[in-house]
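Visitor: here are the coordinates; sequence isn't available:
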C-alpha cells in the first residue's frame, strides 16, 4: 500500500544574460525551492513528519553558461 503525503512547494527563479562582445555571451540562472511536508496520514510508517523538508528536492539550483558564435561569413 502506498501512502500519500500532502506537500507544499514555493519556488522562485532568476535568469539573466549578457552579450560580452567578440561572439561571446554569458547566461546565468538561480532557482530556489522550498518544499515542505504539510500533511501526514495517521498511522504513517514512512517516518515523515509535518514541517519536514521533502526528500531529494534541492533548495538551490544554479546554472552558468558561456556561448561563442563565430561569424559564418558569406555562406552563413
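Guide: Now that the structure is in, tell me what you want to look at. Predicted model only: the values in this text are computed from it and were never measured.

Visitor: contacting residues for residue 23?
Guide: 68, 69, 70, 71 (C-beta atoms under 8 Å, 6 or more residues apart in numbering). (Each C-beta comes from the backbone N, C-alpha and C, glycine too.)

Visitor: and the gap between it and residue 66?
Guide: The spacing between residue 23 and residue 66, counted by C-beta to C-beta, to the nearest Å, is 11 Å.

Visitor: repeat for residue 38
Guide: Counting by C-beta to C-beta - residue 38 and residue 66 are separated by 40 Å.

Visitor: that older thread, now intersect the contacts of residue 23 with the helices, please.
Guide: Using DSSP state H, the subset of the contacts of residue 23 located in helices is empty.

Visitor: Out of those residues, which is nearest to residue 46?
Guide: Relative to residue 46, the closest of the contacts of residue 23 is residue 68; by C-beta to C-beta it sits at 48.5 Å.

Visitor: The closest one and residue 20 touch, don't they?
Guide: No. Using C-beta atoms under 8 Å, residue 68 makes no contact with residue 20, being 9.6 Å away.

Visitor: Fine, thanks again, bye for now.
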